[in-house]
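> Provide a 3D model corresponding to the input given below.
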Amino acid sequence: MRHALLFSVFVIASCGLAYELVAGALSSYLLGDSVMQFSTVIGTYLFAMGVGSWLSKYITRDLVGRFIQIELMVGLLGGFSAVGLFLVFTWLAGPFRLVLYLAVFGVGVLVGLEIPLVMRILKRELAFKDLVSQVLTFDYLGALAVSILFPLILAPHLGMMRTGLLFGLLNVAVALWALHLFRAQLPARRWLAVQSWTAFALLAAGFAGAGQLTALAETHVYADEIVHAESTPYQRIVVTRWRDDLRLFLNGNLQFSAHDEYRYHEALVHPGLASLPGARRVLVLGGGDGLAVREILKYPNVESVTLVDLDPAMTSLFATAPPLVALNDGALKSPRVSVVNADALQWLEESRDYFDFIVVDFPDPANFALGKLYTSAFYRLLEKRLAARGLLVVQSTSPLYARQSFWCVVTTLEDVGFRTAPYHALVPSFGEWGYIIAGRQEFAPVAVDLPKTRFLTAETIPLLFHFPADMARVPAEVNRLNNQVLVRYFEQEWRKVVR
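Residues are numbered from 1 along each chain as shown. This is a model prediction of the structure:
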């Protein structure tokens, strides 16, 4: 019995930390600012655990029965927390933060009640020093196990909803095990059994139907028909369609619309690459949809294109799904293209190749994981891989809606030693969008011969480099790994736009 209860401590510690990680990850995913979300979620959760531990002194009778009921409550509340939070966000976005912290507080109080009750149940079998050391040992081991499993296996392969529900089932399993162990000591054993099996059935049904619940919520989020949706270890990929307009969303953020993506990608590639008639080797970082590669392949002098994108599911989707292959003209299957699925920063550190033209097409710096790809440290790695007279271009968010963010990227590139040439173009799905050409020499935009394009002409390219007063340069700090000031700028500026 002692060993069974100690193993239960391992399980309930795992469950408690899992609910905390799910809440922190989900709030970061939905609200951004991962440092703020994890900090406030963890703080609220730990405070609530303290409240629960304090409240445990008021449970004086039928300790095992109360422990079983607490396991059922934490299993249901924690298990369904991700489901409830996701549905609240998509259907009733206003009270999301209130519901988030109420759920975290509720789970924390219940988890705070668990360990003191287990210790009081075990005190009849263990000396105090052994009781404390063994219970806390199993508690910390459980936390260690789930902290490793959550990012490597659980979240990538089960998703947030199923991960929460799985640990809810584990909490109920502990309750059922305790019900079996102490069956002779429980006056209300049958009623507890009914409660336990009901909770188990609810969580099992939720686990089985989690895919449908996710689809229901996403149907409300995305106005158009969802034709593809999958969760990968790195992101949530959703493709929607309305008539002939395909749209790609990553973690809920629009990446392109087929109706106007050509404007974005032509502006990204051609002003720089058209000025390099001798370019032979091109590197694309990000851009797993192959749309930037499509534009690069219009240049017959380009002998090889290396595409480095973190997510193999992304590059596989855009290399095999017929409507998406049609959109990128089969670019990812071209014999001139090599696809590498790797972290761009790590790949650059290991690479020894040089490139005449580098396209940096990452998502906007909405969190610190992406913000590191806009830092001076990252741009120094790029500089080492750039040929002597090569150029690179960076997509740099909107100089109209995120003005300081845009000029922060310019300032950061210049801090590394690059000469910069900022420019912008109108992409209806996004508004005014910004780009920066950088190199070791001054870049002067001139009318150049272009391959077949739908948006740009030789005469219009120089016009992109003129900024009106409301997008003109403003002071900004350098974005460094140790401050990630760009993420703060970005969140502050886009928060004003979406209100």
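
> please make it C-alpha for all contacts and neighbour counts, starting now.
Fine.

> buried residues in stretch 112-126?
112-119, 121-122 (16 or more other Cα atoms under 10 Å).

> output it as CSV, nothing but the C-alphas.
The C-alpha trace of stretch 112-126 is given here as CSV (Å, rounded to 0.1, in the frame of the first residue of the first chain):
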residue,chain,number,x,y,z
GLY,A,112,-2.1,21.9,-3.3
LEU,A,113,-4.6,19.8,-1.3
GLU,A,114,-3.3,16.5,-2.7
ILE,A,115,0.2,16.1,-1.2
PRO,A,116,-0.7,17.1,2.3
LEU,A,117,-3.6,14.6,2.3
VAL,A,118,-1.3,11.8,0.9
MET,A,119,1.3,12.6,3.7
ARG,A,120,-1.4,12.4,6.4
ILE,A,121,-2.6,9.1,5.0
LEU,A,122,0.9,7.7,4.9
LYS,A,123,2.0,8.9,8.3
ARG,A,124,0.7,5.7,9.9
GLU,A,125,3.3,3.7,7.9
LEU,A,126,6.3,5.9,7.7
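
> contacts for that stretch, please.
2, 5, 9, 12, 48-53, 55-56, 63-64, 67, 70-71, 131-132, 135 (Cα atoms under 8 Å, 6 or more residues apart in numbering).

> can I take it that Ala458 is in a strand?
No: counting by DSSP: H, G, I helix; E, B strand; the rest coil, Ala458 falls outside a strand, being coil.

> and it, how many neighbours?
Look at Ala458: counted by other Cα atoms under 10 Å, it has 16 neighbours.

> next one: Ile296
Neighbours of Ile296 (other Cα under 10 Å): 27.

> how close does it get to Leu392?
13 Å (Cα to Cα, to the nearest Å).

> kindly report the same for Phe368.
23 Å.

> out of those two, which sits in the busier spot?
Set Phe368 next to Leu392 and count neighbours by other Cα under 10 Å: Leu392 wins out with 27 against 20.

> helices of the stretch 1-150 of the chain, start to end?
Counting by DSSP state H, counting those that start in this stretch, the segments of the stretch 1-150 of the chain that form helices are 2-31, 34-55, 63-79, 81-91, 96-122, 128-149.

> let me know which of those is tucked in deepest.
helix 63-79 (a mean of 24; mean count of other Cα atoms under 10 Å).

> what packs against it?
Here helix 63-79 touches helix 96-122, helix 155-181, helix 189-208, going by 3 or more Cα pairs under 8 Å, 6 or more residues apart in numbering; DSSP states H and E.

> for the second one, buried residues please.
Counting neighbours by 16+ other Cα under 10 Å, one finds that the buried residues in helix 155-181 are 155-156, 158-179.

> can you count the residues close to Ala469?
Neighbour tally, Ala469, other Cα under 10 Å: 7.

> my bad, should have said Val194
Other residues close to Val194 by other Cα under 10 Å number 11.

> ok, now how distant is it from Leu110?
Val194 is 21 Å from Leu110, by Cα to Cα.

> try Ile70
6 Å.

> one more: Pro475?
In terms of Cα to Cα, Pro475 sits 49 Å off from Leu110.

> also Tyr262?
Distance from Tyr262 to Leu110, by Cα to Cα: 53 Å.

> output stretch 467-474 as CSV, restricted to C-alpha atoms.
This file holds the C-alpha atoms of stretch 467-474, laid out as CSV (Å, rounded to 0.1, in the frame of the first residue of the first chain):
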residue,chain,number,x,y,z
PHE,A,467,8.8,56.3,-47.5
PRO,A,468,6.0,58.7,-46.7
ALA,A,469,6.1,60.7,-43.5
ASP,A,470,3.9,58.2,-41.5
MET,A,471,6.4,55.4,-42.2
ALA,A,472,9.6,57.4,-42.0
ARG,A,473,12.5,56.3,-39.8
VAL,A,474,12.1,56.5,-36.0
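
> list the buried residues of it.
471, 473.

> again, but for stretch 484-495
Residues 484-491, 493-494 are the ones in stretch 484-495 that count as buried (16+ other Cα under 10 Å).

> could those residues go into TSV alongside secondary structure, distance to Val41 and pLDDT?
As requested, the buried residues of stretch 484-495 are exported to TSV (DSSP: H, G, I helix; E, B strand; the rest coil; distance: Cα to Cα, whole Å; pLDDT from 0 to 100):
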residue	secondary structure	distance to Val41	pLDDT
Gln484	coil	21	89
Val485	helix	22	93
Leu486	helix	23	95
Val487	helix	20	90
Arg488	helix	19	90
Tyr489	helix	23	93
Phe490	helix	22	92
Glu491	helix	19	86
Glu493	helix	24	90
Trp494	helix	23	83
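
> farthest-apart pair in these, please.
Longest distance between any two of the buried residues of stretch 484-495 is 16.2 Å, between Gln484 and Trp494; criterion Cα to Cα.
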